[in-house]
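Q: sequence first, then the predicted structure:
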Amino acid sequence: MKLLTQHNHALKLAARLIIVYEAHIGTVALANDDPDHPDYQANTHAINQEIKRALLSFYLWEKWRGEHAQARAALLAMWASGEWTNRDTCARLCYRQAGFSNMAVARQALVGAPMPASVAVQRQRTVWKAP
């Protein structure tokens, strides 16, 4: 999710650069270098860098998601079974069975996963016990 947020921020920044440039100089044509505009190359370079960063971050996120899609689904199914009381324990004990080679990556795959119903009920009972 953090990578998507960064990607969104980079695209907004690139769009803002294009809008400011077009407001001051004129229409942006990234394919051509126009010598009539002194700031053209500097601004175009900044815009190109932002676009490249955004595309690279999206590519890396898409690659990660594609490589780990089946393993993540398997790990989420194991977590949803309710056998573990927290995500760390589930990731530590099941990451190899799910298909991950790294426990830290498996733990990241469980970030944001909802609590299994049995664990949520068990925790609620613990919180609301009478003294």
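A: It's in.

Q: skipping adjacent residues, who's closest to residue 76 in space?
A: In this structure, residue 76 finds its nearest non-sequential neighbour in residue 113, 5.8 Å apart by Cβ to Cβ, 6 or more residues apart in numbering. Glycine gets a C-beta too; all of them are placed from N, C-alpha and C.

Q: from residue 61, how far off is residue 10?
A: Separation of residue 10 from residue 61 (Cβ to Cβ, to the nearest Å): 12 Å.

Q: which one of the two has more residues nearby?
A: For residue 10 and residue 61, the more surrounded residue by other Cβ atoms under 10 Å is residue 10, and the numbers stand at 20 against 16.

Q: surely the more buried one meets residue 57?
A: Yes - using Cβ atoms under 8 Å, residue 10 is in contact with residue 57, at 6.8 Å.

Q: can you pull out the strands in this protein?
A: Assigned by DSSP state E, the strands in the chain number zero.
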